[in-house]
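dropping the sequence and predicted coords here.
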Amino acid sequence: MNKWVQLFTRIHIHPVFWLVIAGAVMTARFYELLILFMIVFIHELGHAIAATYYNWRIKQIFLLPFGGALELDEFGNRPIKEEFVVTIAGPLQHIWMVALAFFLYQIDLVSVKDYSLFIEFNMMILLFNCLPILPLDGGKLLSLGLAYFYPFQQAFKNSILLSFVFLSISSLLIIILSPYHIKGWVIVLFLLYSLYQDWKNRTFVFMRFLLEKSTHDIEKYKNRKEIRVQAQDSIQNVVERFYRGMYHTIMVLDNGKKVGKLSETKILEHYF
C-alpha cells in the first residue's frame with residue numbers, strides 16, 4: 001500500500017471526542033464542533049505528512065477536541081532537524097487556513113459569524129498547542145531545545161519537569177481568571193496525566209532510545225560527538241551521556257592521560 005494512502009488508515013478519533021460530539025448534537029452545537037474538528041484534523045495531518053515524508057514510523061493519529069496526538073514508533077534517534085520540521089508542520093497549517101478564510105471572507109463567500117468563529121477556533125488551537133508543555137507542540141520544541149545542551153536522558157527529564165512548571169503556572173492563571181472553567185480543568189487534568197505517564201516511563205523511553213541506537217546504521221548519523229570519560233566510570237554512566245541524533249566516540253582517560261578510544265557501537269554491545 002502506498003505510504004500516503006496508508007497514512008489515512010492511521011487516523012482515529014479519541015473516545016473523548018466522541019463524547020464531545022454527542023454533547024454537541026444534544027446542545028445543537030454540531031456546526032461549531034465540525035469547524036473545530038476540521039481545524040484539528042488539518043493540524044495533525046500537517047504533522048503526519050511531514051513524518052511520512054521523512055519515512056517515520058507512524059502508529060496512529062488521535063484526534064482530540066482540543067488538539068491531536070501523533071503517536072510514533074520513534075525514540076529520539078532521528079535528526080533534530082527532522083524532528084523540528086515534523087513538530088512545526090502542525091502549527092504552520094494555521095497560517096494558510098487563516099489566509100484562506102480571510103480571502104473567502106473578503107469575496108463574501110463566508111459570513112462574518114462563520115469567519116469570526118473560524119478565526120477564534122484557529123487561534124485557540126494554535127496558541128494552546130504552542131504552550132511549552134509536553135505532549136503539546138510547544139513542549140516538543142522545548143524538549144528539542146534542551147537536547148542541544150543536555151544528553152537525551154537529562155533533556156527528557158528536564159522537559160517533563162519544566163512542562164510541569166508551566167502547567168502549574170497555567171493552572172494558577174485559570175484559578176485567578178476563570179476558576180469554574182470546566183473545559184480548562186479537563187485539559188489540565190489530561191496534560192497532568194500525560195506528564196505523569198512520561199515521568200513514570202522515562203526509564204523505558206531511555207532504554208528504547210539506546211536499543212534503537214544500537215541497531216541504527218552508523219552512516220545515517222551526520223553529527224559526531226566525542227565524550228571524555230574516566231577509566232573507572234561504569235558503562236551506565238557513559239550511555240547516560242549520549243545525545244539525541246549523534247554518534248559518539250568515547251575517549252577514555254586515566255589520571256588525565258588518554259588510555260584508549262571506544263566506539264558507541266562497542267559500548268552498546270557490552271551494555272545490552
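Right, received. Where do you want to start?

which residues in the chain form strands?
11-13, 58-64, 67-72, 223-230, 246-254, 257-263 (DSSP state E).

mean pLDDT and distance to residue 115 added to the ones you listed, as CSV?
(Each C-beta comes from the backbone N, C-alpha and C, glycine too.) Formatted as CSV, the strands of the chain follow (pLDDT from 0 to 100; distance: least, Cβ to Cβ, whole Å):
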stretch, mean pLDDT, distance to residue 115
strand 11-13, 74, 26
strand 58-64, 79, 24
strand 67-72, 73, 22
strand 223-230, 90, 46
strand 246-254, 91, 47
strand 257-263, 90, 59
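
nearest to residue 102, out of the ones you listed?
strand 67-72 (23.0 Å; Cβ to Cβ).

what lines up beside the closest one in the sheet?
Partners of strand 67-72 in the sheet, by DSSP bridges, are strand 58-64 (antiparallel).

would you mark the buried spots in stretch 68-77?
68, 69, 70, 72, 74, 75, 76, 77 (16 or more other Cβ atoms under 10 Å).

other residues contacting that stretch?
The contact list for stretch 68-77 (Cβ atoms under 8 Å, 6 or more residues apart in numbering) reads 14, 40-41, 43-44, 47-48, 51, 56-62, 86, 90, 135, 147, 152, 156, 205, 208-209, 211-213, 216, 244-245.

list buried residues within those residues.
Neighbour counting with 16+ other Cβ under 10 Å marks 40-41, 43-44, 47-48, 51, 56, 58, 61-62, 86, 90, 135, 147, 152, 156, 208-209, 213, 244-245 as buried within the contacts of stretch 68-77.

helices of this structure, start to end?
Assignment of helices within the chain using DSSP state H yields the ranges 3-8, 15-26, 30-53, 80-106, 112-129, 137-147, 152-177, 182-200, 202-215, 235-239, 264-271.
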